[in-house]
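# I need the structure of the sequence given here:
(4 chains)
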Number of protein chains: 2
Amino acid sequence: MARSRAKDYDDKRLSMLHRAAELFAASGYVGTSMNTIADACGVSKALLYHYYPDKEAILFDLLSSHLERLVAAVRKASASAGDPVERLGMIVTTLLELYRHADAEHQVQIASLRLLPEQKQQPLLASERILVGIMSDALAAAVPAAKQKRVLKPLTMSVFGMLNWHYMWFREGGPMTRADYADFVVQLVLAGAEEAAAAVARPRSKAKPAGRSRQAALL
Amino acid sequence: MARSRAKDYDDKRLSMLHRAAELFAASGYVGTSMNTIADACGVSKALLYHYYPDKEAILFDLLSSHLERLVAAVRKASASAGDPVERLGMIVTTLLELYRHADAEHQVQIASLRLLPEQKQQPLLASERILVGIMSDALAAAVPAAKQKRVLKPLTMSVFGMLNWHYMWFREGGPMTRADYADFVVQLVLAGAEEAAAAVARPRSKAKPAGRSRQAALL
DNA sequence: CCTACCGATCGGTAGG
DNA sequence: CCTACCGATCGGTAGG
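All right, here's what the predicted structure looks like:
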């Protein structure tokens, strides 16, 4: 009995978390009232406060659960792969696939994580750093040019840029699947990194190799 | 006299807009009170309401000015370039260079544009679409693979993903300049697009060419 | 009668 | 688990 009650409790809590994520994604964290969340979940505000001490705890638990899911899945993907290129592909595909049912959480992570007080941001930023580290290691192993000192960071962040931006334009049911876009990103990086590396790997200087597309005049 | 007064008025207005952008970027649109904005600008709240009828008008004017600046600069960059590759480089470099002094406005665009009522979003989304269109045209002209039916959109959005994400990691004064990263993105796309295109250009099917890094099992 | 501004306070709603 | 509330602060406006 206590078991089934605990299960109900967690089920309810997780469903409320997801509903809250959708509301935060639509109206922003501050723009969503506790009353709105309670109504949307079909519970009283008092019950909401039975699950969480305050509004901040909802945002924290939401992001914490989301990021821990991402870390676990990406770790598993990274471990299960054979060669480095396959590993990179697994990681990118896994991330895009997880976002399928966590679009709201993903948007809240981007827009509202920084609204938490620094102390509560800390463990969440640590999870983000773990994800970045796994991706970075995978890129360094799969892409020869990524081993260069100044290339790894911009390359890693470019990949996250492409992945984290996908929610702005990617629509389910179109001609392109998530796996297609994952493949697109991986191939872009594998085939383009060496040329791109030349743009940042050399020490900064005014003189540019002739024939390269560089707009020094503008800066 | 009337002229110089009008000039003061506009100077003051623009400086208040930028201050508001910084506050919105830090605490969110709803999380920033009119009192906070007025205090930060060193004016009374009544004066703030002399410049803008309500809080929404501040957000709208802020984003409207920002996007119009982007559109004007990108149009100019596009028109001034000679060959297609140079045009693409000019556009990407121009965007990253504009963000140097409009980081707050850029973040507000990403996080808070959608909080406006739909009718007020409309002209702002139209400006965004113009930017996307110019980038898309430049990519189609500079990158052979981008002429394929299903490649242009993901490629365009990948570029915007990389550029729009840069504020999360790029720090001024590091070993890499904005121009360096602009070049990095352009070279990545120029060198990698053809291989990436293969991932989305072919009709969807379960059978994949052997040797390609595809994780069908995961999906 | 106008525009540019002030100190003070309105009605309504937020998180708790 | 609900209704009834609170102290505080919100966006916006009053008279002058």
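
# For residue A:201, report the pLDDT, please.
Residue A:201 is assigned a pLDDT of 74 by the prediction.

# do the same with residue A:209
41.

# Pull the contacting residues for residue A:173.
Neighbour list for residue A:173: empty [criterion: Cβ atoms under 8 Å, 6 or more residues apart in numbering or on different chains]. For glycine as for every other residue, the C-beta is placed from the backbone atoms N, C-alpha and C.

# so which helix or strand takes in it?
Residue A:173 is part of no helix or strand, with elements assigned from DSSP states H and E.

# quick one: it from chain B, how far?
Distance, residue A:173 to chain B, using Cβ to the nearest Cβ, to the nearest Å: 12 Å.

# Next: residue A:100.
Noted for residue A:100: a distance of 10 Å to chain B, by Cβ to the nearest Cβ.

# With adjacent residues omitted, what lies nearest to that residue?
Leaving out its chain neighbours, the residue that sits closest to residue A:100 by Cβ to Cβ, 6 or more residues apart in numbering or on different chains is residue A:178, at 6.3 Å.

# do residue A:60 as well
residue A:120 (5.3 Å).

# Test for you: state the pLDDT assigned to that neighbour.
As predicted, residue A:120 sits at a pLDDT of 92.

# quick one: secondary structure of residue A:150?
Residue A:150 falls in the coil class when you classify it by DSSP: H, G, I helix; E, B strand; the rest coil.

# right, and it touches residue B:175 too?
Yes. The pair residue A:150 / residue B:175 is scored as a contact, 5.7 Å apart, by Cβ atoms under 8 Å.

# give me the low-pLDDT residue ranges for chain A?
Counting by pLDDT under 70, the ranges of chain A that qualify are A:1-8, A:202-219.

# what are the ranges of the helices in it?
In chain A, the segments counted as helices under DSSP state H are A:2-27, A:34-41, A:45-51, A:55-80, A:84-98, A:103-112, A:118-142, A:152-165, A:178-201.

# Against which helices or strands is the last one packed?
In other words, helix A:178-201. Contact here means 3 or more Cβ pairs under 8 Å, 6 or more residues apart in numbering or on different chains; DSSP states H and E; on that basis helix A:178-201 packs against helix A:84-98, helix A:152-165, helix B:152-165, helix B:178-201.

# okay if I get the helices of chain A as a markdown table plus distance to DNA strand C and mean neighbour count?
What follows is the helices of chain A, written out as a markdown table (distance: least, Cβ to the nearest atom of the strand, whole Å; neighbours: other Cβ atoms under 10 Å in any protein chain shown):
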| stretch | distance to DNA strand C | mean neighbour count |
| --- | --- | --- |
| helix A:2-27 | 10 | 15 |
| helix A:34-41 | 4 | 16 |
| helix A:45-51 | 6 | 14 |
| helix A:55-80 | 3 | 18 |
| helix A:84-98 | 28 | 23 |
| helix A:103-112 | 13 | 21 |
| helix A:118-142 | 13 | 16 |
| helix A:152-165 | 26 | 23 |
| helix A:178-201 | 34 | 24 |
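
# Using TSV, please lay out the ones you listed together with distance to residue B:192.
TSV is the format used below for the helices of chain A (distance: least, Cβ to Cβ, whole Å):
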stretch	distance to residue B:192
helix A:2-27	31
helix A:34-41	43
helix A:45-51	47
helix A:55-80	22
helix A:84-98	14
helix A:103-112	25
helix A:118-142	13
helix A:152-165	11
helix A:178-201	2
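
# hang on, the earlier thing: comparing residue A:150 and residue B:175, which residue is more hemmed in?
Looking at residue A:150 and residue B:175 with other Cβ atoms under 10 Å in any protein chain shown, you find the greater number of neighbours at residue A:150, namely 19 against 11.

# Quickly note the distance from that one to residue B:176.
Using Cβ to Cβ, to the nearest Å, we find residue A:150 at a distance of 6 Å from residue B:176.

# Pull up the overlap in contacts between the two.
Taking Cβ under 8 Å, 6+ apart as the contact criterion, the residues that touch both residue A:150 and residue B:176 are residue A:200.

# ok, for the closest residue to chain B within chain A, nearest residue in space, not its chain neighbours?
Checking chain A residue by residue against chain B with Cβ to the nearest Cβ singles out residue A:192 as nearest, at 2.4 Å. With Cβ to Cβ, 6+ apart as the measure, residue B:192 is the residue that lies nearest to residue A:192, at 2.4 Å, once sequence neighbours are left out.

# hang on, isn't the one you found packed against residue A:191?
Yes. Proximity of residue B:192 to residue A:191 meets the contact threshold set by Cβ under 8 Å, at 4.1 Å.

# coming back round to it: roughly how far apart are the residue nearest to residue A:60 and residue B:16?
Taking Cβ to Cβ as the measure, residue A:120 and residue B:16 are separated by 31 Å.

# and what of residue A:50?
Using Cβ to Cβ, we find residue A:50 at a distance of 44 Å from residue B:16.

# Residue A:197 too?
43 Å.

# Give me the neighbour count for the closest residue to DNA strand D within chain A.
Nearest to DNA strand D in chain A, going by Cβ to the nearest atom of the strand, is residue A:44, at a distance of 2.3 Å. The local packing count at residue A:44 equals 12, with neighbours defined by other Cβ under 10 Å.

# For it, which non-adjacent residue is spatially closest?
Looking at residue A:44 with Cβ to Cβ, 6+ apart, the closest residue is residue A:38, at 6.0 Å.

# my read: residue A:29 touches residue A:112, true?
Yes. Residue A:29 sits in contact with residue A:112 when judged by Cβ under 8 Å, with a separation of 4.2 Å.

# Need the overlap of contacts for these two.
Contacts common to residue A:29 and residue A:112, judged by Cβ under 8 Å, 6+ apart, are A:59, B:28.

# For the spatially most central residue of chain A, which residues are in contact?
Taking Cα atoms, centre = their mean, the centroid of chain A lies closest to residue A:164, which sits 5.7 Å from it. For residue A:164, the set of contacting residues under the criterion of Cβ under 8 Å, 6+ apart consists of A:106, A:110, B:161, B:165.

# likewise residue A:47?
Counting by Cβ under 8 Å, 6+ apart, residue A:47 makes contact with residue A:38.

# At the contact with DNA strand D, which residues of chain A appear?
A:43, A:44, A:45, A:46, A:47, A:50 (Cβ under 7 Å from any atom of the strand).

# Export these as a markdown table, with columns for distance to residue B:154.
Output for these, formatted as a markdown table (distance: Cβ to Cβ, whole Å):
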| residue | distance to residue B:154 |
| --- | --- |
| A:43 | 41 |
| A:44 | 45 |
| A:45 | 44 |
| A:46 | 47 |
| A:47 | 44 |
| A:50 | 45 |
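
# Could you work out the most separated pair of those?
The largest distance within the residues of chain A next to DNA strand D, taken as Cβ to Cβ, falls between A:45 and A:50 and amounts to 9.9 Å.
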